[in-house]
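J.: I would like the atomic coordinates for the input below:
(one chain, ligands or ions: 2)
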Amino acid sequence: MDFYGTIGPACAQPAILQHMVEAGMTGIRMNLSHGPLAAHTDWLAMIRAAGIRQLLIDLQGPELRIGTLAEPVALVEGSSVRLGADGVPCPAALVQAAAPGQQLLLDDGKLLVQVTQALPEALVCTVVRGGTLQSRKSIAALGLAVPSPTLTEEDLQNLKIAKQCGVTGVMLPFVRGKADILALRHALEEAGAADIRIFAKIENMTGVRALPEFIHLVDEVVIARGDLGNAMPLWELPRCQKQLSAACRAAGVPFMVVTQMLDSMCTRAVPTRAEVSDIYNAVLDGAASVMLTGETAAGQYPMQAMEYLVRTAQTALA
Ligand SMILES: Nc1ncnc2c1ncn2[C@@H]1O[C@H](COP(=O)(O)OP(=O)(O)O)[C@@H](O)[C@H]1O
Ligand SMILES: C=C(OP(=O)(O)O)C(=O)O
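T.: Numbering: from 1, shown residues only. Ligands and ions are numbered 1, 2, ... in the order given. Okay, the predicted model is just below:
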């Protein structure tokens with residue numbers, strides 16, 4: 001079984017990475033929504049030096065995200081926020097597609113705003129669920145199809161240098177169907193990197209419904225519960241996870257379970273009973289891999305989190 005962490009400011013130090021490897025981490029993911037491969041040469045050197053064999057890059061793909069902010073923005077419930085020109089930067093395609101009444105979940109649903117006015121270059125929104133909005137956080141526009149290409153210009157640049165950077169797998173967000181996978185395969189071939197494995201992230205209902213048409217074209221399916229949880233009431237997410245797991249088992253395709261596996265460990269050295277049960281159950285369901293995200297990238301206890309992930313999974317495997 002594979003155990004992945006996500007590299008980020010909290011763990012990008014040689015001693016911490018070394019400790020995570022000793023705890024059983026077999027690979028690491030770099031989320032390129034927060035910066036291109038070329039800007040992470042120091043992290044790449046650390047990954048090599050720690051002897052981490054598998055390096056996954058998570059592309060931008062069709063995912064919608066807030067742009068880069070000079071500083072975090074406090075969104076106060078009931079107040080107004082402008083997304084787009086002269087406001088919080090966001091994709092132009094979203095501004096074009098959204099109409100008044102549209103709900104927008106930000107940062108994996110932690111924040112919620114509703115469009116009250118759709119101007120040609122900006123959306124004026126009311127904050128429904130407030131909090132602090134940081135750079136590059138996710139946007140989910142419920143029920144709205146926002147046209148976007150499979151790969152951004154930056155994704156193509158990243159793929160060109162992936163092989164020389166030691167990348168072994170590419171994660172494609174928000175896979176919508178066979179065409180997205182074929183486009184990524186083509187881009188990898190063009191980059192001379194046809195042997196890099198493809199991880200298809202299932203992050204919305206379009207991806208759930210389309211899985212049968214592309215499951216045999218990918219190397220691993222990723223049950224990406226952060227964004228997927230925005231696509232349904234949260235109490236339905238476990239059923240969806242079980243159904244996706246069963247579909248992968250039936251097709252004989254490996255799958256990964258990811259996101260909030262040890263979320264409380266972002267701020268505490270010991271996980272909850274519910275979190276270790278979640279990991280144990282994912283392994284019993286047949287997951288080929290499990291991955292930590294914010295726990296290792298931005299949390300206070302990246303080494304301890306990796307240790308709990310690996311030990312709990314190994315107990316389930318024993
Ligand atoms: N390459 C990076 N550079 C700087 N910060 C990062 C990077 N990768 C991750 N982070 C930080 O760690 C957090 C958790 O990582 P991840 O779960 O991959 O991001 P997100 O939830 O934004 O998709 C990010 O929101 C960001 O604050
Ligand atoms: C892993 C996920 O993707 P991201 O970190 O881009 O939110 C997820 O949505 O579960």
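J.: neighbours of the closest residue to ligand 2 within the chain, how many?
T.: With Cβ to the nearest ligand atom, the shortest gap between the chain and ligand 2 falls at Gly226, namely 2.9 Å. Heads up, the C-betas are built off the backbone N, CA and C, glycines and all. Per other Cβ atoms under 10 Å, the neighbour tally for Gly226 reads 19.
J.: who are the packing partners of the helix or strand harbouring it?
T.: Using DSSP states H and E, Gly226 sits within helix 225-228. Contacting helix 225-228 under the criterion 3 or more Cβ pairs under 8 Å, 6 or more residues apart in numbering; DSSP states H and E are the following elements: strand 138-141, helix 237-251, strand 255-258.
J.: Leu188 is nearest to which of these?
T.: If you check each of these against Leu188 by Cβ to Cβ, strand 255-258 wins as the nearest, at 19.0 Å.
J.: ok, and what's touching whatever helix or strand comes next after the closest one?
T.: Downstream of strand 255-258, the next assigned helix or strand under DSSP H and E is helix 273-284. Defining contact as Cβ atoms under 8 Å, 6 or more residues apart in numbering, one finds that helix 273-284 is touched by 1, 245, 257, 261-265, 290, 308-309, 312-313, 315-317.
J.: quick one, what contacts Val124?
T.: By Cβ under 8 Å, 6+ apart, the residues touching Val124 are Ser80, Val81, Arg82, Val115, Thr116, Gln117, Ala118.
J.: redo those as TSV? Include pLDDT.
T.: Shown next, in TSV, are the contacts of Val124 (pLDDT from 0 to 100):
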residue	pLDDT
Ser80	97
Val81	96
Arg82	97
Val115	97
Thr116	97
Gln117	97
Ala118	96
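J.: from the residues you listed, which land in strands?
T.: Using DSSP state E, the subset of the contacts of Val124 located in strands is Ser80, Val81, Arg82, Val115, Thr116, Gln117, Ala118.
J.: show me what contacts the first one?
T.: Ser80 makes contact with Thr116, Val124, Cys125, Thr126, Val127, according to Cβ under 8 Å, 6+ apart.
J.: how many neighbouring residues does the third one have?
T.: Here the count is done by other Cβ under 10 Å, and Cys125 has 28 residues near it.
J.: what bridges to it?
T.: Note on Cys125: beta-bridge partners Val81, Val115, judged by DSSP bridges.
J.: that one against Leu119, yeah?
T.: No. Between Cys125 and Leu119 there is no contact under Cβ atoms under 8 Å: 11.2 Å.
J.: related to what we said a few turns ago, would you list the buried entries among the contacts of helix 273-284?
T.: 245, 257, 261-265, 290, 308-309, 312-313, 316 (16 or more other Cβ atoms under 10 Å).
J.: okay, the contacts of Val124 in CSV with distance to ligand 1 next?
T.: Formatted as CSV, the contacts of Val124 follow (distance: Cβ to the nearest ligand atom, whole Å):
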residue, distance to ligand 1
Ser80, 25
Val81, 19
Arg82, 22
Val115, 22
Thr116, 26
Gln117, 28
Ala118, 26
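J.: dump these to TSV, plus distance to Ala210.
T.: Converted to TSV, the contacts of Val124 look like this (distance: Cβ to Cβ, whole Å):
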residue	distance to Ala210
Ser80	37
Val81	33
Arg82	34
Val115	27
Thr116	33
Gln117	34
Ala118	29
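J.: which parts of the stretch 201-318 of the chain sit against ligand 1?
T.: Thr293, Gly294, Ala297, Ala298 (Cβ under 6 Å from any ligand atom).
J.: for the third one, grab the count of nearby residues.
T.: So the one you mean is Ala297. Using other Cβ under 10 Å, Ala297 has 22 other residues around it.
J.: what parts of the stretch 51-200 of the chain come near ligand 1?
T.: Counting by Cβ under 6 Å from any ligand atom, the stretch 51-200 of the chain sits next to ligand 1 at Arg136, Lys137, Ser138.
J.: what about the first one, how many residues close to it?
T.: Here the neighbour count serves as a burial measure; for Arg136 (other Cβ under 10 Å) it reads 16.
J.: same check, this time on the last one
T.: Using other Cβ under 10 Å, Ser138 has 21 neighbouring residues.
J.: over to the second one?
T.: Using other Cβ under 10 Å, Lys137 is surrounded by 17 other residues.
J.: I'd say it and Leu106 touch.
T.: Yes. Here Lys137 reaches Leu106: they are 5.7 Å apart, a contact under Cβ under 8 Å.
J.: noted, bye for now.
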